[in-house]
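Peer 1: turn this into a structure:
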Amino acid sequence: MDDTLARRCAETARGLTVPALLHRNATEFADLPALGMLGGDRALTWRELRDEIAGLSRGLADLGLRAGDRMLIMMSGRVEHWIADLAAVHLGAVPSTVYATLASDQLRYLAEHSAAPFLVLENSEMVARWKPILDSLENPPRVLVVDGSLREAASRGAELHQADPSVFEQTWRNVGASDPVTLLYTSGTTGDPKGVVLTHQNVIYQSVVLEATVSTPDHTASLAYLPLAHIAERMLGIYNPIYRAGHVTICPDPAQLLAGLVTVRPVSFFGVPRIWEKMVAGLQAQLAVADPAVQAAVSAASAVASEVYELRGASRDIPPDLAARFDAMDAQVLRPLRAKLGLDNMLWAGSGAAPIPVEVLRYLAGIGVDVLEVWGMTETTGTATINTPGHFRTGTVGRVNPGMELRLAEDGEIFVRGPLVCAGYLRADGGVEPVVDAEGWLATGDVGVLDDDGYLTITDRKKELIINSSGKNISPAQIENALRAHPLIAQAVAIGDRRPYVTALIVLDEETAPLWARARDIADTSIGALSSHPLVLEEIGVAVAVANGKLARPEQVKTFRVLSTVWTPVSGELTPTLKLRRRVVQEKYADAIDGLYQAAE
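Peer 2: The predicted model follows:
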């Protein structure tokens, strides 16, 4: 990576804090829109947003919130969530959003571990859910409810701020770039969640890097739809818009995502793989019943778009005649198709948090949407590597960000160091435990390979590698990726550790599967019924055979079982960020797994 670019990024980010950037926005871009709700009447301007933050910040201070204190927030996507979070930050306190899908024992763990003296909840239903937990704690936090005590604190604080604004202005200036800006708990795929402490320097450097590597205008509109407990949404929904003085529209319900995209028409959008997979499945289902002339037009245009995409990915020139054909077909066919998805203004589309099938990427490229994979983790403030519109390679997660370093251990484990690595993990005693070794390297737990041009490919999680009974190391992610390329399959788990061969548990897509079934005149389209229907099992068998054709013999799935349920964070098989909880799956479906091996013997 260019050292000059890294130095420029470091210089740009040096000394900046989130409160300082908000002050700049309220001064220089006071009347520009900052934050609003999908379907709302109007957005708060930067001046109005900062005034709201100032009032609540004074109110929280009046209640006793101090610099260094943690404050847990469990709230859906709404303006008050952003305001509460940033009000705490202006005091030097550390906000921590909690996933609403966590089980009671997980919530209790977070409350005890964070030792947060304040807990902000959205409504009385959440209060009722937390009450048994709070009653069991030795030092329960003070609860503030959005439309009750939190509003009262904001009202009192607004009076205090109006009477003496200098208190707020002096307080935020005491916040330093190396101070914590948020505490995010990891998904806990293999054990108790870890509290990752991120600093102002971390999040602002990430914003600077994104600006330097992906060319998008300032003050652009974006759509926030992921939980703020997710590092991607924190970066793209809070910190980056503050740095770029953008306009965030909050989409409170994931079911409204398509409507939100069509309304906002953002220039950039990040989707976890499941979002893109569902989009592709929906497009395929619509085109399958479209007029043959429409199908032919889309197919022809897609072929041209795919050819352009492959040339760009190989860093090769696009012949003028091909470029002209693409421009014409894109304008006539593909851009109107993208407009129906709200993606017609897209300059950068990203995917991360889990592997995405290459087939999905290529399908989207065929309609003119280049979805570029990134890689990172909460501990690296989001992206550590990135594919950009000008430099990408399909199937990889890109090259290391400016200022970051990356190396591979002998076993392929990825180590990174640099300004995006977090301050450390919160200890139960309130201290921060470093996550790096004596030389500053973070062991990520991911395994990968680097090509000669520095593009990184993730092969698996180190702790999740399958070692079969013959001693062969097998990547479950590669197998699962190949299976999920079929639109009927929402989730797949490869099994085979200490076993003679690989088997798989498969979960049907709850949206695509019923559509597929109705097109074949299957009467009962419930997931339970479809999981045992002969036509569905035959189609899944075809999907497994196709996947096996892409895999080495030891990796191939010998037999499978289609489950009669769907997996969600609530049911426990998935984390709130939709990653597999393999341990939960293997424990919950132990009998089904044993049955796969007994049936094949």
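Peer 1: the nearest residue to P476 once chain neighbours are set aside - how many residues pack around it?
Peer 2: Closest residue to P476 apart from its sequence neighbours, by CB to CB, 6 or more residues apart in numbering: A494 at 4.0 Å. C-beta: built from backbone N, CA, C; applies to glycine. Residues near A494, counting by other CB atoms under 10 Å, number 27.
Peer 1: partners of the one helix or strand A494 maps to in the sheet?
Peer 2: Per DSSP states H and E: A494 is located in strand 489-495. Strand 489-495 has the following sheet partners, assigned by DSSP bridges: strand 502-508 (antiparallel).
Peer 1: now the partner strand, how far from the chain's geometric center?
Peer 2: Relative to the chain's own centre, strand 502-508 is displaced by 24 Å; criterion: CA atoms, centre = their mean, to the nearest Å.
Peer 1: just the CA coordinates of it, formatted as PDB?
Peer 2: Extracted C-alpha coordinates of strand 502-508, given in PDB (Å, rounded to 0.1, in the frame of the first residue of the first chain):
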ATOM      1  CA  VAL A 502     -18.500 -34.500   5.500                       C
ATOM      2  CA  THR A 503     -22.300 -34.200   5.900                       C
ATOM      3  CA  ALA A 504     -24.500 -31.100   6.000                       C
ATOM      4  CA  LEU A 505     -27.500 -29.700   7.700                       C
ATOM      5  CA  ILE A 506     -29.500 -27.400   5.400                       C
ATOM      6  CA  VAL A 507     -32.000 -24.800   6.100                       C
ATOM      7  CA  LEU A 508     -34.500 -23.600   3.400                       C
END
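Peer 1: what's in contact with the helix or strand following it?
Peer 2: Later in the chain than strand 502-508, the nearest helix or strand by DSSP H and E is helix 512-518. Helix 512-518 is contacted from outside by 278, 281-282, 285, 487-488, 490, 525-527, 530, 533, 535-536, 539, using CB atoms under 8 Å, 6 or more residues apart in numbering.
Peer 1: restricted to buried residues, select those in PyMOL.
Peer 2: Only the buried entries of the contacts of helix 512-518 go into this PyMOL selection, using 16 or more other CB atoms under 10 Å:
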select buried, resi 278+281+282+285+487+488+490+527+530+533+536+539
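Peer 1: mind listing the helices for the stretch 101-250 of the chain?
Peer 2: Counting by DSSP state H, counting those that start in this stretch, one finds helices in the stretch 101-250 of the chain at the ranges 104-114, 124-135, 151-163, 166-173, 200-213, 231-233, 240-244.
Peer 1: buried ones in the third one?
Peer 2: By neighbour count on 16+ other CB under 10 Å, the buried set for helix 151-163 is A153, A154, R156, G157, A158, L160, H161.
Peer 1: which one's the longest strand in the protein?
Peer 2: strand 442-450 (DSSP state E).
Peer 1: helices and strands around the helix or strand that comes right after that one, which ones?
Peer 2: Per DSSP H and E, the first helix or strand lying C-terminal to strand 442-450 is strand 456-461. For strand 456-461, the packing partners by 3 or more CB pairs under 8 Å, 6 or more residues apart in numbering; DSSP states H and E come out as strand 442-450, helix 476-484.
Peer 1: what angle separates strand 456-461 from strand 442-450?
Peer 2: Computed with axes from the mean of the first three to the mean of the last three CA atoms, to 10 degrees, the direction of strand 456-461 lies at 120 degrees from that of strand 442-450.
Peer 1: helix or strand: which one has V360?
Peer 2: Using DSSP H and E, V360 maps to helix 358-365.
Peer 1: quick one: that helix to helix 476-484, angle?
Peer 2: Using the same axes, to 10 degrees: helix 358-365 against helix 476-484 is 50 degrees.
Peer 1: average pLDDT across helix 358-365?
Peer 2: Average pLDDT, helix 358-365: 93.
Peer 1: circling back: identify whichever of the helices and strands packed on strand 456-461 lies nearest to D509.
Peer 2: Closest of the helices and strands packed on strand 456-461 to D509 is helix 476-484, at 9.3 Å (criterion: CB to CB).
Peer 1: now the closest one: average pLDDT?
Peer 2: For helix 476-484, mean pLDDT is 87.
Peer 1: got the CA coordinates for it in CSV?
Peer 2: What follows is helix 476-484, C-alpha atoms only, in CSV (Å, rounded to 0.1, in the frame of the first residue of the first chain):
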residue,chain,number,x,y,z
PRO,A,476,-16.4,-25.7,6.3
ALA,A,477,-16.9,-22.1,5.1
GLN,A,478,-15.9,-23.1,1.6
ILE,A,479,-18.4,-26.0,1.5
GLU,A,480,-21.1,-23.9,3.0
ASN,A,481,-20.5,-21.1,0.6
ALA,A,482,-20.9,-23.5,-2.3
LEU,A,483,-24.1,-24.8,-1.0
ARG,A,484,-25.6,-21.4,-0.2
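Peer 1: now do that helix: which elements does it pack against?
Peer 2: strand 456-461, strand 489-495, strand 502-508, helix 534-548.
Peer 1: measure A438 to R417 for me?
Peer 2: Distance from A438 to R417, counting by CB to CB, to the nearest Å: 11 Å.
Peer 1: what sits against L337?
Peer 2: For L337, the contacting residues are L283, V298, I367, by CB under 8 Å, 6+ apart.
Peer 1: most neighbours among those, which one?
Peer 2: Of the contacts of L337, with other CB under 10 Å as the count, I367 tops at 22 neighbours.
Peer 1: domain boundaries for this structure, per the record?
Peer 2: Here the domain parsing of the chain from automatic domain parsing is 18-175+217-266, 273-462, 465-600.
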